[in-house]
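[1] Kindly generate the corresponding structure for this input.
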Amino acid sequence: MEIADAKNLLPLPALLNRLGIATPDRDKFNIKCPLHSEQNGQSFAAERKNGAWVWNCFGKCGCGGDEITLIEKHRSVSNDEAITIYLELAGGSGNGATAVKTKTKIRAHAQKQKAIEFDWSRDVSSLKSVARVAKERGYSPELVAELQAAGLIGSFNGHVAFPVHRDGQVAGVHYKVGDNWQYYPKGTKTSLLVIGELVPRDPVHIFESQWDGFAFMDVSGVRDGVIITRGAGNGALVGDLIRGGSTAYVWTQNDETDPKGKNAGEEWQATVCANTSEIVRRPRIPAQFKDLNDWTRAGATADDLVDAIRNAEVVQEAQPPLIQFKSPLELKNFTPPPGLVLVGDYHIVKGSVFVEGGPPGVGKSRGADGLAVAGATGSDWFGLIVHRRFKTMIVQTENGEFRLAREFAELDCEALEDYVRICTPPPYGLCLKRSDFRSQLSAAVSEFRPDIVIVDPWNAVAREQDSKEYLDTFDLLRSVLPPGDDAPAIGIVAHTRKPKSDERHSGRSLLNLLAGSYVLGSVPRTVFILQAASDDVNDNRVVWTCCKNNDGELGDRSAWERRNGLFAPVEFFDWDAFDHPPKEKKGLKPEVCREFLMRGREYDKAQIVSIIMKETGRGKTVAYDLVDEAKRCGVLRYHKLTKIYELV
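    Reported below is the predicted structural model:
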């Protein structure tokens, strides 16, 4: 045993008591000096400083020191002998030959010792005064006596202490010295304090502090299903303890928010929620009380606690299992919840992802608006049947209020009022990676409860065109949406790449036109592609094709005309002319860079060349020439110092 461990186990007040010298239970005290048999006065002063005990006799002795020095003076022995005696009293081997004052030899001695074995019944004594602890915390003496009998509270070196469990056994002690909580033996780590049985489907009450947990037990009479995390940072330790359909009640403390915007109680609650899939409710402690124990000391009754539980706010709904297996009969007898299918032959289904793709300027955002109108009115959408009215929320950066005002001026806004929400371009873009942005978006979704959430455009949230970025973005998007049967359909408005010279894709091959990672075509159940009917700038016609539908029929392609803010069907359309356009080799113009590059982002020349080659199918020479031309005509700005390009 190291001397430092011995001092934790047998500090100066405990040593004096062991030597038959009574001491008060304080961190600083004066008593009659036991070294010179003082009859009058109290010249022996003891105090805990920086975690260590020191003593001084200001009377006849005129000396002082630590626990070992006290034994030297009290027993009139050498320092080595005092060390041996002290280690024996503290529970060590007492081999003074190896335990001398030098740090090197103390360390060597410690290496020969076995790990300290903690024994609650041996190392923890009964409370000096059950009544005093009960009075300080506002508990009944009966509860404190019950806790002590159950081994849930005791006295360690004169301090109120609680057990630390590991593998069902008491492995250490958790006690408070001054304002600091400490653990013994050294290296003991925090564990949850679980009281009673955790029975599936029965309520579980979770507390940050043992004082709150014991206060709840005292007033409510509950003795099962109590979990105490012991600290705001330990909410994650609830792990898999709460399961089997139980409701978790988190008795969150009313902590103040610090200048940085952090609130320890709220963070503890969020951590608890993140580590259980069951429903979590929060009983509200009145704002004038900092915690539950504060409330019970002020006179809260069992009826008050019952009312708080009955009116507890739901802070997390029960989460679906991460994986479930069904038998063939269960699958055969599955009945989908009503209202699951929104549009077409399972083209748009709640909880699924669909993509609306097309080149810039073809009318993708108008198509998203048309879906919102169809959901509000029950009318068809691009010839697909709308099965019921539904709510649509559009999260977009493409159009400002001026453009939106012009578009919605042509629509029956009164009919749309309760069914459509569309955001104006956020000042910092669709920054899904920011937790505060996700929190605000999640709050808006919870309030409106949409059946479809549309993101327009996709490259505003997934800036990098690689599979990891796309998958991470899908995860972030799903994190702000409700799960299970309440999950809305997710609509993605995405750009398509520029077709190669003289190529005209149709049918399923249109899926290959989606720009970016393959993830954009593999994750969604349904993909729609919108194409311009011709290259004529005065031609308002478009072709609408479903090129992927995993759960139903694709359906026929159709031709539409942009009209009255939406689309109207084209009765006579020359499909042969559309499928076989005149072959004409066209050169690339600098303006094409605007289709592939993003404003505000910096590129080096090689990056731009790579993007142009990928999106157009042209060679490296053509791509380099195009970058130079775009720089000359002012489409790209070049910074000589950094050799960086940006879109003007």
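[2] what comes into contact with the helix or strand containing Gln607?
    Following DSSP states H and E, one finds Gln607 within helix 605-616. Residues from elsewhere that reach helix 605-616 (CB atoms under 8 Å, 6 or more residues apart in numbering): 497-498, 500, 515, 588, 592-593, 595-597, 603, 618-620, 622-624, 626-627, 636, 643, 645. Quick note: C-beta positions are derived from backbone N, CA and C, even for glycine.
[3] roughly how far out does it sit from the chain middle?
    Going by CA atoms, centre = their mean, to the nearest Å, the spacing between the C-alpha centre of helix 605-616 and its chain's C-alpha centre is 38 Å.
[4] Okay, strands next: where are they in the stretch 351-500 of the chain?
    With DSSP state E, counting those that start in this stretch as the criterion, the stretch 351-500 of the chain has strands at 353-358, 392-396, 420-422, 452-456, 489-495.
[5] Which of those strands sits closest to Gln440?
    Closest of the strands of the stretch 351-500 of the chain to Gln440 is strand 392-396, at 11.2 Å (criterion: CB to CB).
[6] partner strands of that closest one, parallel or antiparallel?
    Sheet pairing of strand 392-396 (DSSP bridges) gives strand 420-422 (parallel), strand 452-456 (parallel).
[7] Using JSON lines, lay out those strands together with distance to Leu530.
    Listed next are the strands paired with strand 392-396 as JSON lines, based on distance: least, CB to CB, whole Å:
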{"stretch": "strand 420-422", "distance to Leu530": "19"}
{"stretch": "strand 452-456", "distance to Leu530": "13"}
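[8] Highest mean neighbour count out of these?
    Most buried of the strands paired with strand 392-396, by mean neighbour count (mean count of other CB atoms under 10 Å): strand 452-456, with a mean of 24.
[9] by how many degrees do it and strand 489-495 diverge?
    Between the axes of strand 452-456 and strand 489-495, defined by axes from the mean of the first three to the mean of the last three CA atoms, to 10 degrees, the angle is 20 degrees.
[10] relative orientation of strand 452-456 and strand 353-358 in degrees?
    40 degrees.
[11] Kindly export strand 452-456 (C-alpha atoms) in CSV.
    Coordinates of each C-alpha in strand 452-456 appear next as CSV, following Å, rounded to 0.1, in the frame of the first residue of the first chain:
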residue,chain,number,x,y,z
ILE,A,452,-43.7,15.2,-46.9
VAL,A,453,-40.5,17.2,-46.3
ILE,A,454,-38.8,18.4,-49.5
VAL,A,455,-35.2,19.5,-49.6
ASP,A,456,-34.4,21.9,-52.5
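[12] What mean pLDDT does it get?
    In this model, strand 452-456 has a mean pLDDT of 94.
[13] thinking again about what came up before, how about the strands of the stretch 351-500 of the chain in TSV, adding distance to Val519?
    TSV is the format used below for those (distance: least, CB to CB, whole Å):
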stretch	distance to Val519
strand 353-358	11
strand 392-396	19
strand 420-422	26
strand 452-456	14
strand 489-495	11
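[14] Quickly note the distance from Ala415 to Lys189.
    Using CB to CB, to the nearest Å, Ala415 is found at 61 Å from Lys189.
[15] hang on, the earlier thing: flag every buried residue along the helix holding Gln607.
    Judged by neighbour count using 16 or more other CB atoms under 10 Å, the buried positions of helix 605-616 are Lys605, Ile608, Val609, Ile611, Ile612, Met613, Lys614, Glu615, Thr616.
[16] Okay, buried residues for stretch 70-86 please.
    Buried positions in stretch 70-86, judged by neighbour count with 16+ other CB under 10 Å: Leu70, Ile71, Glu72, Lys73, His74, Asp80, Ala82, Ile83, Thr84, Ile85, Tyr86.
[17] Let me know the closest of these to Arg137.
    Using CB to CB, Leu70 comes nearest to Arg137 of the buried residues of stretch 70-86, at 33.6 Å.
[18] Verify the assumption that the closest one is located in a strand.
    No. Leu70 sits outside any strand when classified using DSSP: H, G, I helix; E, B strand; the rest coil, being helix.
[19] and it, what does it touch?
    With contacts defined as CB under 8 Å, 6+ apart, the neighbours of Leu70 are Leu12, Leu15, Leu16, Trp55.
[20] Go through those residues and flag which are in strands.
    The strands, defined by DSSP state E, take in Trp55 from the contacts of Leu70.
[21] Just flag the most distant two among the contacts of Leu70.
    Distance extremes for the contacts of Leu70: the farthest pair is Leu15 and Trp55 at 10.0 Å, using CB to CB.
[22] can you pull up the bridge partners for Phe165?
    Quick fix: residue 165 reads His, not Phe. His165 forms beta bridges with Val170, as assigned by DSSP bridges.
[23] So what's the residue count around it?
    13 (other CB atoms under 10 Å).
[24] Go ahead and confirm it touches Ala171.
    Yes. Using CB atoms under 8 Å, His165 makes contact with Ala171 at a distance of 6.6 Å.
[25] what sits against His174?
    The contact partners of His174, taken as CB under 8 Å, 6+ apart, are Ala161, Phe162, Pro163, Val164, Trp181, Gln182, Tyr183, Thr188, Thr190, Arg230.
[26] which stretch of helix or strand covers the residue nearest to the first one when sequence neighbours are not counted?
    Nearest residue to Ala161 in three dimensions, chain neighbours excluded: Tyr175, at 3.8 Å (CB to CB, 6 or more residues apart in numbering). Taking DSSP H and E as the definition, Tyr175 sits inside strand 169-177.
[27] got the CA positions of that strand in CSV?
    Extracted in CSV, the C-alpha atoms of strand 169-177 (Å, rounded to 0.1, in the frame of the first residue of the first chain):
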residue,chain,number,x,y,z
GLN,A,169,-20.6,-6.2,-5.5
VAL,A,170,-19.6,-3.1,-3.6
ALA,A,171,-16.2,-2.2,-5.0
GLY,A,172,-15.6,1.2,-3.5
VAL,A,173,-17.0,4.2,-1.8
HIS,A,174,-18.2,7.6,-3.0
TYR,A,175,-17.9,10.4,-0.3
LYS,A,176,-17.8,14.1,-0.1
VAL,A,177,-15.1,16.2,1.5
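[28] List the buried residues in the helix or strand just after that strand.
    With elements assigned by DSSP H and E, the helix or strand that comes after strand 169-177 is strand 180-184. By neighbour count with 16+ other CB under 10 Å, strand 180-184 contains the buried residues Gln182, Tyr183, Tyr184.
[29] mind listing the strands for the stretch 51-200 of the chain?
    Going by DSSP E, counting those that start in this stretch, the stretch 51-200 of the chain shows strands at 52-57, 64-65, 154-156, 159-166, 169-177, 180-184, 193-195.
[30] Return the distance of the longest one from the chain's centre.
    Taking the mean of its C-alpha atoms, strand 169-177 sits 30 Å from the chain's own mean (CA atoms, centre = their mean).
[31] can you pull out the strands in the stretch 201-350 of the chain?
    Using DSSP E, counting those that start in this stretch, the strands of the stretch 201-350 of the chain run over 204-207, 226-228, 248-250, 280-282, 313-316, 341-343, 348-349.
[32] And for the stretch 501-648 of the chain?
    The residue ranges that make up the strands of the stretch 501-648 of the chain, judged by DSSP E, counting those that start in this stretch, are 526-532, 541-549, 558-563, 566-569, 602-603, 636-639, 644-647.
[33] Tell me which of these sits most buried.
    Comparing the strands of the stretch 501-648 of the chain by mean neighbour count (mean count of other CB under 10 Å), strand 526-532 comes out on top with a mean of 25.
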